[in-house]
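Engineer: Sharing a model that was predicted from the sequence below.
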Amino acid sequence: MALICTLSALMTAAASGQAPSAAPPDDKAVEKRVNALLDQMTLEEKIGQLSQLFVFSSSSQVDEEVAKGQLGSLLFVTDPASINRLQRIAVEKSRLHIPLIFGFDVIHGFRTIFPVPIAMAASWDPSMVTGAQTIAAKEASAVGINWSFAPMLDIARDPRWGRIVEGAGEDPWLGSAMAAAQVRGFQGEHIGSPDHVLACMKHFAGYGAAEGGRDYDASNIPEALLQNVYLRPFHAAVEAGVGSAMSAYMDLNDVPATGNRWLLHDVLREDWRFQGFVVSDANAVRSLAAHGFAKDQPDAAARALDAGVDMEMAIGSTAYSQNLAAAVSSGRITVQQIEAADRAILGMKVRLGLFEHPYVDEARAARVLATPEHRTAARLAAERSAVLLRNEGRLLPLGKGAYRKIAVVGPLADSPMDTLGSWAFQEDIAETVTVLAGLRNKVGSQAQIGFAPGVEIGRKFPSPFDQLSRAKSRAPWTPEQAKDELKKAVDLAGASDLTILVLGETQLMSGEAASRESLALPGNQEQLLEAVAATGKPVALVLLNGRPLDIRWASQHIPAILEAWYPGTQGGNAIANLLFGDAVPGGKLPVTWPRNADQVPIYYAHNTTQSPESQGRRYWDEESTPLYPFGYGLSYSTFSFSNLQVSQAELKIGQTVEVTAEVENTGASTADEVAQIYIHQRYGSASRPVRELKGFERITLAAHEKKTVRFSLGCNELSYWSAAKKAWVEEPARFDVWVGADSTASLRGSFTITQ
Ligand code: BGC
C-alpha cells in the first residue's frame, strides 16, 4: 500500500498546493555528531551501546559496566535520584561521556494511571488517547525516563490471550488510529520535544495471534492477513514517526520475530523506511536458541543483529556483550553492521537531547506527579472508555436520592490494584479510587452504602508479576468463611434497594503471562451474581476486566451491565458519575464479544464463504454470532442514522469518494455517538471481509440535534494486499458501504470502481 497510496497522496498534496510534511531539519547535524563519536569508539564501546539491562535495585556490576561504556540503556529504574546517579556515572566516568537512555513500561500512565489500552481504544477518541499519553510522558520524563515501551500494537482476536488488554483490540483501522494517537502523545511534535519520551511500538509482529491464545506460543499468520491486519497499526505508527520498535517473543511462521530479517529489515526498514532503532523483547535474543532456531548463544547474537535487532534487552547480561566481539573477529558479522545499530541508537540519543540535558530535576518530579489536572484527565478518560452493554427498563442512570440503601457487592469493588489493571508500578495506591469509594464520594449522606465482597478470586497458577505488584496478599478464606461471606453479600443485597455488583478479573488475571482457557467469570462470581439477582432487587453489574468474559446469563437476567475495564486511578469516581448520569456512556467495543471461549476466534471482519445465509448457525449447539458485535455500545440517549449519500456512483482507481450520513440524537439528553463507516468489496482477485471499518468519528449531540458526518474513501481505504497477486492492489469492483452505530449497521449505499 505504501507505494500505491504514496503516489496518490503526492498528487493530492500537489493539487492543494501543500508540500508533504517536512522531515525534522537536523538530520545532517545528528549524523555528523554520531560519526564523530563512532570515530572515537573502540569495538567494545560500540558493542556496549547495543546492550540494555533491567535494574531492579542498585548493583555494582551495573555501575562498573556503565563506567566502562559497556551499556547503552537501562530499564526499570524509576526514581529520579537513582537515574541521576547512574547517568552521572555514564556521563562523567565513561571515556566518551555517552549518556544512557532510560526505558520503562509506561503503558497507560505513570503515577496517574489511565484506563488500560483496550479501554482507551473503546473510547474511539484518538485525541483523548493522545492527551492521556501526553500526561503519561510528562510524568515519566519528570522522573528521568526517556523512553516508553509503548504503544503495544498487537491485533488480538482471541480474548483468551492475556495481553489483549494492552492493545486496541481486533481491528486494523481502529488499531492504526490508536497507534498514531499514542505515538503523538508520547513523542509530542517531534522526538526530543520537552516533557515527552521516545515511543516504542511493540511487539513486532504477530504476537497477538499466539496459538490457542497461549502467551508466547507460536503465531502462524498467512502473509495476506499479516499485511492487511496485523502489520497495519505498526505501519501507522511508523508513519506517525515512532522512534523505536520492540521485536516480539514468538515464532512467526517458523521464524522467530527476533531473528526475522524479512520482518525487521525488508518490511520495517526497506518497505516502510523506518528510521528508528529496534530493541529485542526481554531475553528474546538469548531465547532464539530455546526456539530451536539458533544453534547456541553466539549464533543467537549474530542472527539477531543480522536480522535487524539493534539493541538487546536482557536480565543480567546480554548475548551481544558476550558474543559480538568474537563474531567480528571470526568474520561472522562486520563492524559496519555493529556501527549501523550504533548509528540508530546514538542518533536517537542525540535527537532526545540527552547529550545536552542528561539529568533530571529531582525537585520538579514530585510536583509534576502531583498535578491535579492529571487526575481529572484520568477520570474523564475512564468515563469516555466505559461501554454500556445493557440497560433494560432504563435502570441507568440511577436516580439521585431514589435508593436509600445501596449494596455494593463483589471481590473487586474495593480493591485498588484491580481498579488499575496490569502494568501499573508507580501508582499511588492511597490515591486510587475504587468503585466503593467513588460511590461513597458520589452519594454522600443521601444513601446508606453497605459493602460485601461475597467471594474471593485468584489465579490457579501464580503470575510472574506477583513480586512486582503491590496488591496485598492474605490467607485464603476457609470453606466456612467462604459460605458466610457469600451469605453476607446476598443478605446485604436482599436488605438493600439496589445492588451494584462489581465483578470481573483481578489485576494479574489479564496482561502478560495471563492467558486463560476459559472466559467464565473466575471463581464463584457467577454463583454470586445469580444469588444476588434472585433477591429480586434491581441490580447493575459493573465489569472490571481486560477481556470479554462469558456473561451470557447476566446478559439475559441483569438489567444493566457497564463494561468499565480497568479504569485507573480515578476509576471509582468515573464509574459513579456514569451510574448516576453525571457522565453518559459513549464507548464502543473494540472487540467482538463472544458468547464463550468455544466460539473463539470470532471477529467481525471475516470473509463471506459458502452459505452466508447460515453464518449465524454454523454450530448446532450454540449460535455462531457473538453476544455483542464489534463497535457496539449503548447510551442513555438514542440515535438514528439516515440519508446516506455517496458522492459518485462510479469512480476510477485512485479517485476518492465522499460518503455522508445524518446522525440524530433522538433522545432527551446530550450524549455521544460514534459514527462508523464500513465497506465491503464484492469481488476481486481475492475474497474480502464481509465488512471492514474504514473511518469513525465520536460526536456529541444535544437532545434532538442532527449532524452530518463525512468520510472520504480513497486509495488508503480501498486498497488491500491481495493473496493472489502478492501485492497491494486497488481493483475495479462494486463496493457496499454502511454508516451506523456498530458493525451491524444497516444504512447502506454502494459505488463502483472502474479501471
Ligand atoms: C514484555 C514487554 C515489556 C518488557 C519490559 C517483556 O516481558 O513482553 O512488553 O516491554 O518485558 O518490561
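Structural biologist: Sure thing, it's come through.
Engineer: Now do the end-to-end distance for stretch 548-568.
Structural biologist: Distance across stretch 548-568, first residue to last, is 18 Å (CA to CA, to the nearest Å).
Engineer: do the same with stretch 571-589
Structural biologist: Stretch 571-589 has an end-to-end distance of 18 Å (CA to CA).
Engineer: Tell me what residue 640 is bridged to.
Structural biologist: Counting by DSSP bridges, residue 640 forms beta bridges with residue 664.
Engineer: How about the contacts made by it?
Structural biologist: Applying CB atoms under 8 Å, 6 or more residues apart in numbering, we find residue 640 in contact with 663, 664, 666. Placement of C-beta: from N, CA and C, glycine included.
Engineer: distance of it from residue 691?
Structural biologist: 20 Å (CB to CB, to the nearest Å).
Engineer: and what of residue 227?
Structural biologist: For residue 227, the distance to residue 691 equals 19 Å [CB to CB].
Engineer: just residue 289 next, same as before
Structural biologist: For residue 289 relative to residue 691 (CB to CB), the value is 43 Å.
Engineer: which among the contacts of residue 640 gets closest to the ligand?
Structural biologist: Nearest to the ligand among the contacts of residue 640: residue 663, at 38.2 Å, using CB to the nearest ligand atom.
Engineer: My guess is the closest one contacts residue 709. True?
Structural biologist: Yes: at 5.8 Å, residue 663 counts as touching residue 709 under the criterion of CB atoms under 8 Å.
Engineer: so what sits against both of these two?
Structural biologist: The contact sets of residue 663 and residue 709 overlap at 675, 699 (CB under 8 Å, 6+ apart).
Engineer: Look at these two and report which has more neighbours.
Structural biologist: Using other CB atoms under 10 Å as the criterion, residue 663 and residue 709 rank with residue 663 on top: 24 against 20.
Engineer: How much space separates that one from residue 696?
Structural biologist: Distance, residue 663 to residue 696, using CB to CB: 12 Å.
Engineer: ok so, going back, from the contacts of residue 640, pick the one nearest residue 571.
Structural biologist: Nearest to residue 571 among these: residue 663, at 29.4 Å, using CB to CB.
Engineer: Could you pull up the residues touching that closest one?
Structural biologist: Each residue near residue 663 by CB under 8 Å, 6+ apart is listed here: 639, 640, 641, 673, 675, 699, 701, 706, 707, 708, 709.
Engineer: What of residue 587?
Structural biologist: Taking CB under 8 Å, 6+ apart, we find residue 587 in contact with 119, 122, 123, 124, 384, 385, 386, 387, 388, 563, 633.
Engineer: Same check on residue 262?
Structural biologist: residue 255 are the contacts of residue 262 under CB under 8 Å, 6+ apart.
Engineer: Pick the one among the contacts of residue 587 closest to residue 575.
Structural biologist: residue 386 (7.2 Å).
Engineer: quick one, phi psi at residue 108?
Structural biologist: Phi and psi for residue 108, reported as degrees, to the nearest 10, are phi -140, psi 50.
Engineer: ditto for residue 461
Structural biologist: According to degrees, to the nearest 10, residue 461 has phi -110, psi 140.
Engineer: What is the burial count for it?
Structural biologist: If we define neighbours as other CB under 10 Å, then residue 461 has 6 of them.
Engineer: do the same with residue 71
Structural biologist: Neighbour number of residue 71 under other CB under 10 Å is 26.
Engineer: now residue 602
Structural biologist: For residue 602, the tally of surrounding residues (other CB under 10 Å) stands at 22.
Engineer: More neighbours: residue 289 and residue 691, which one.
Structural biologist: Set residue 289 next to residue 691 and count neighbours by other CB under 10 Å: residue 691 wins out with 24 against 18.
Engineer: any idea what sits nearest the more buried one, other than its immediate chain neighbours?
Structural biologist: Among residues not flanking residue 691 along the chain, residue 678 sits closest, at 4.2 Å (CB to CB, 6 or more residues apart in numbering).
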